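Visitor: no FASTA, just this:
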């Protein structure tokens, strides 16, 4: 069996089941995280469907994709993906991505 795509992710549950993609997604074009989100929506929406729909996901699932920061003072950026859309913001998913990325000793953000 060969894989076309190998994605790394952390699943969390703190009221809302969520997945944070930490690696395995290639370069996403765009000058800002918003531009990257719009590119994904138009050109690679299969990623959202792959990680959020059966058999890997389920209706209550949401997902954040960690991306390199667009702002020089940021350590990382993230794109929010839900079952049917790419919402602009979500406080719950933001805090979960921070917990996955900025744990003591974590190097995930530095390697983006």
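Guide: Thanks, I have the structure now. Because the structure is predicted, anything quoted here is derived from the model rather than measured.
Visitor: element containing residue 74, please.
Guide: Assignment of secondary structure by DSSP states H and E places residue 74 within no helix or strand.
Visitor: And the pLDDT at it?
Guide: The per-residue pLDDT reported for residue 74 equals 82.
Visitor: wait, what's in contact with it?
Guide: Residues counted as contacts of residue 74 (CB atoms under 8 Å, 6 or more residues apart in numbering): none. Every C-beta, even on glycine, is put in place using the N, C-alpha and C of the backbone.
Visitor: Correct me if wrong: residue 63 contacts residue 21.
Guide: Yes: counting by CB atoms under 8 Å, residue 21 is a contact partner of residue 63 at 6.4 Å.
Visitor: Compare those two (neighbour count), which wins?
Guide: Shown here are residue 63 and residue 21; by other CB atoms under 10 Å, residue 63 has more neighbours (25 against 22).
Visitor: per-residue pLDDT, that one?
Guide: For residue 63, pLDDT reads 89.
Visitor: Please renumber the chain so that the first residue is 6 from this point on.
Guide: With the count now opening at 6, the last piece we talked about shows up as residue 68.
Visitor: Direction included, what does whatever helix or strand it lives in pair up with?
Guide: Using DSSP H and E, residue 68 sits in strand 67-72. Sheet partners assigned to strand 67-72 using DSSP bridges are listed as strand 22-28 (parallel), strand 82-86 (antiparallel).
Visitor: how about residue 41, secondary structure?
Guide: Secondary structure, DSSP: H, G, I helix; E, B strand; the rest coil: residue 41 is helix.
Visitor: no no, residue 59
Guide: What three-state DSSP gives for residue 59 is coil.
Visitor: now it: how far from residue 9?
Guide: Note on residue 59: its distance to residue 9, by CB to CB, to the nearest Å, is 19 Å.
Visitor: So between the two, which is more surrounded?
Guide: residue 59 (7 against 4).
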